[in-house]
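Asks: Here's my sequence, what's the structure:
(2 chains)
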There are 2 protein chains.
Amino acid sequence: MMSTATSMTFTGVRELIEEANRNAVELMMEADPFWVDIGLARNMIPGMKEGMLLHAGPPIQWEKLSGPMRGAIIGASIYEGWASNEIEAERLAASDQISFAPNHHYNAVGPMAGIISPNMPVFVIQDRKHDHKVYSNFNEGLGKVLRYGAYSTEVIQRLTWMRDILAPTLKKTIESVKKQKDGIALKPIISQALAMGDECHNRHNAATSLLLRDLIPHMMESQIDKKDILSCYNFINQNNFTFLNLAMANGKAMCLAAHDIKYSTIVTVLARNGTDAGMWVSGLGKRWFTAPANVPRGVWFPGFSEADANPDIGDSAITETAGYGGFAMAAAPAIVSWVAGSAAYAVQNTKKMYEITQTKHRYFLIPFLDFQGTPTGIDIRRVVRSGIVPTINTGIAHKLAGIGQIGAGIVAFPMEMFKQALKSYAERYVQ
Amino acid sequence: MMSTATSMTFTGVRELIEEANRNAVELMMEADPFWVDIGLARNMIPGMKEGMLLHAGPPIQWEKLSGPMRGAIIGASIYEGWASNEIEAERLAASDQISFAPNHHYNAVGPMAGIISPNMPVFVIQDRKHDHKVYSNFNEGLGKVLRYGAYSTEVIQRLTWMRDILAPTLKKTIESVKKQKDGIALKPIISQALAMGDECHNRHNAATSLLLRDLIPHMMESQIDKKDILSCYNFINQNNFTFLNLAMANGKAMCLAAHDIKYSTIVTVLARNGTDAGMWVSGLGKRWFTAPANVPRGVWFPGFSEADANPDIGDSAITETAGYGGFAMAAAPAIVSWVAGSAAYAVQNTKKMYEITQTKHRYFLIPFLDFQGTPTGIDIRRVVRSGIVPTINTGIAHKLAGIGQIGAGIVAFPMEMFKQALKSYAERYVQ
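Replies: Below is the predicted model:
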């Protein structure tokens, strides 16, 4: 068996694999995610209970948690009123009163620490093609924010405002949208944004603009207090990362559609919890393949360096898994000033990712490559065979709890995960 | 003298020319245009009188006017109430009751036919660095619109709505803006838009988005009827060319700052009236150098072809004169689907324009060329010496009055203009 996995010929099943993979990427590309609703996590996410915290990446024990993940858990415990300070929160988290689970086990995604607690508002995204629902939390902006492990009073106050003002305002807005259409279609926004310099992982200037252009008339038409409209508008308008969480939910919906296809070697989850990186493969169910997460190569905020950096963290690599983000860097040359590198590097990274993917995306096109589709559908066979691992761009958190973002950069997933997955695939399918 | 002009060495004055040109492009790049006001042309444009029509391009007689220019003049005469139909309007225009003058003689610019009549609303743009004021009309959208020579009832009704609803709404909006800041700064919008796939002549998807993001809170805050806010928002939101007229006024302000510099060989106006192309040179005052306008090489709307096309028309080449538009095509690979060509062509055109320009723009950068500045400051000496003429992208009007836009494409200015200008320059400066 091992020799079959290593030689990667899979002679007997090659046709079955090819067909399964064609099927998987077809389902992925044809998924049609719409933002359709908003509500608190405990009301919207099936299975979400009091005392439960969802987090980014593969499963992990409290003892192994990195600083930013600990910080975000402390902040969420204070936000929920479970604890009134850091010490209480840490004690609680180490006890069995709090349960932890990966977002992906609940069809949810969150950037960086990705903590979703029961009373946080979430976007509800429906894949109108396959009728799945997926979820993401709201974006808080940059700097001192929960998802980067900060939990100061300003962080908790912002989260409270997001629950009490932002979420109800956006709820009324999406209800107004739904009087006219099925919700906000996310694929067309991403598709346009790729022609406007976004790659839709770390650059969302265009996507957030397009989202606002869609929402404005509905914000104005609905019966919302003018003061609230203005405060919510200003909050979104000053934060070009607003669309990130929708881009991730879109990616999750696309990848979910491609998941659980027998024989498929296509990756359907790539995620990191700040300690480990992990992934799912379509034909291998919900089994996680993990390896220690790498530390990104970054551009550092003043006063910080690689020595301060936490290993890679967040569910946001779902964007690359679905064929955009770092894989579409050639569409977003301006991102290079944010994550290091030259325009040529951006093109080169996209071109490299074609070597490990099944197809070129039908809807996500790169004008600079004469409207070639983005590299879509990571195939674990191609990764192991080529020695090329998926490379993404990402924000970087300080390794200590309570500090926040210290930079942004480029990071590769560990090859070890892919080798494990291929071995497991061989054991399962190649007899 | 002629031999001096032809050899283009200008030995005795070379240092003076170089210094004048450095000075001219410095003034051009450091101009700081703000949209500060709105009003009817007759109240805002100094010298604008009843019975006067401003038009795009160099001066021209009624008899020589092309179809789209005639169509736009007919439409403007009906809009103004000077005539009630096409026949009356044509008779009037041929008489001496109507006077025609180029927009540029009044520091104004207009796309395509560029007709500005006394009761049309105009943007007032102030260069806050040099305190010049310049003007542009409003954008009507695409298709059957006055600037492409259409004058049907829907065209006139739209113009009337723009005067009665859109202009007062935007006036209140800009007044609200001015309670907080000096107006809407245009250079930062263009600068960001170039990193978002616009070149700011024929693609303004990002610039219009950014403009809307700036305006929205002021539209909401000011005491404007909600119905009017919504109708104006929707009008702008469905027309990504909204920013074109502001991009042109910005270009005019920048070029005006660079105009009238003794010894300078930098071009400060490039414009076409649908019959002739014409230009000004900084050191040669308001003398027009003209030659028959070329017909663009285009992408045609269904049912149309080059045989239907009018020669090049409009003041919009002021964007290229100021260093963006077609000169920044490398920033806007998506434009190639609109004006023909490949992404490589877009890059190639920008690179070629470096050969005929004085400098790389300090604020307008192209991410794809690793943030190199756009080619800025066309030097007539370099054009004649290299044999490379400024190449721009443009909309294309039907050659008959009353039809409208039939495509978009690429067009070069005639070399003849530059040769004339160089000869004239030699006569003036090289004794």
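Asks: give the contact list for residue A:106.
Replies: Residues in contact with residue A:106 (Cβ atoms under 8 Å, 6 or more residues apart in numbering or on different chains) are A:45-48, A:54, A:135. C-beta: built from backbone N, CA, C; applies to glycine.
Asks: Kindly report the residues of the stretch 151-300 of chain A close to chain B.
Replies: When proximity is defined by Cβ under 8 Å from any Cβ of the partner chain, the stretch 151-300 of chain A lies next to chain B at A:192, A:195-198, A:205-206, A:209-210, A:212-213, A:216-217, A:220-221, A:226, A:229-230, A:233-234, A:237.
Asks: Give me the below-cutoff pLDDT ranges for the stretch 151-300 of chain A.
Replies: Along the stretch 151-300 of chain A, segments meeting pLDDT under 70 are nowhere present.
Asks: do the stretch 301-431 of chain A as well
Replies: A:340.
Asks: Tell me which stretches of the stretch 101-250 of chain A form strands.
Replies: For the stretch 101-250 of chain A, the strands defined by DSSP state E, counting those that start in this stretch occupy A:108-109, A:121-127, A:133-137, A:184-185.
Asks: avg pLDDT for the third one?
Replies: By that I understand strand A:133-137. Averaging pLDDT along strand A:133-137 yields 98.
Asks: swap in stretch A:50-68?
Replies: The average pLDDT within stretch A:50-68 is 95.
Asks: Quick one: end-to-end distance for it.
Replies: One end of stretch A:50-68 to the other measures 22 Å (Cα to Cα, to the nearest Å).
Asks: In it, which residues are buried?
Replies: A:52-58, A:60, A:65-68 (16 or more other Cβ atoms under 10 Å in any protein chain shown).
Asks: what distance separates that stretch from the middle of the whole chain?
Replies: How far stretch A:50-68 lies from its chain's middle: 16 Å, per Cα atoms, centre = their mean, to the nearest Å.
Asks: what's across from residue A:410 in the sheet?
Replies: residue A:297, residue A:393 (DSSP bridges).
Asks: same thing with residue A:99?
Replies: residue A:52.
Asks: Produce a ChimeraX select command limited to the buried residues of the residues of the stretch 151-300 of chain A next to chain B.
Replies: The buried subset of those, as determined by 16+ other Cβ under 10 Å, is captured in ChimeraX by this line:
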select /A:192,195,196,197,198,205,206,209,210,212,213,216,217,220,221,229,230,233,237
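Asks: top of the contacts of residue A:106 by neighbour count?
Replies: residue A:54 (30 neighbours; other Cβ atoms under 10 Å in any protein chain shown).
Asks: List the contacts of that one.
Replies: With contacts defined as Cβ under 8 Å, 6+ apart, residue A:54 is in contact with A:41, A:45, A:48, A:100-103, A:105-106, A:108, A:110, A:114-117.
Asks: one more time with 6 Å
Replies: Counting by Cβ atoms under 6 Å, 6 or more residues apart in numbering or on different chains, residue A:54 makes contact with A:101, A:103, A:106, A:108, A:116.
Asks: check contacts around the first one.
Replies: By Cβ under 6 Å, 6+ apart, the residues touching residue A:101 are residue A:54.
Asks: please redo it, this time with the cut-off set to 7 Å
Replies: Residue A:101 makes contact with A:52, A:54, according to Cβ atoms under 7 Å, 6 or more residues apart in numbering or on different chains.
Asks: What's the separation between it and residue A:174?
Replies: Per Cβ to Cβ, to the nearest Å, residue A:101 is found 27 Å from residue A:174.
Asks: again, but for the second one
Replies: Using Cβ to Cβ, we find residue A:103 at a distance of 21 Å from residue A:174.
Asks: Looking at those two, which one has more neighbours?
Replies: residue A:103 (30 against 21).
Asks: so who does that one touch?
Replies: Going by Cβ under 7 Å, 6+ apart, the list of residues near residue A:103 reads A:54-56, A:109-110, A:114, A:116, A:315.
Asks: As a markdown table, these with distance to residue B:81 would be great.
Replies: Listed next are the contacts of residue A:103 as a markdown table, based on distance: Cβ to Cβ, whole Å:
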| residue | distance to residue B:81 |
| --- | --- |
| A:54 | 66 |
| A:55 | 69 |
| A:56 | 66 |
| A:109 | 60 |
| A:110 | 61 |
| A:114 | 64 |
| A:116 | 63 |
| A:315 | 63 |
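Asks: just checking, which of those belong to helices?
Replies: In helices, judged by DSSP state H, none of the contacts of residue A:103 are found.
Asks: Now do residue A:148 against residue B:363, distance only.
Replies: 32 Å.
Asks: So between these two, which is more surrounded?
Replies: Per other Cβ under 10 Å, whichever of residue A:148 and residue B:363 has more neighbours is residue A:148, with 28 against 16.
Asks: correct me, but that one touches residue A:68?
Replies: Yes. Using Cβ atoms under 7 Å, residue A:148 is in contact with residue A:68, at 5.8 Å.
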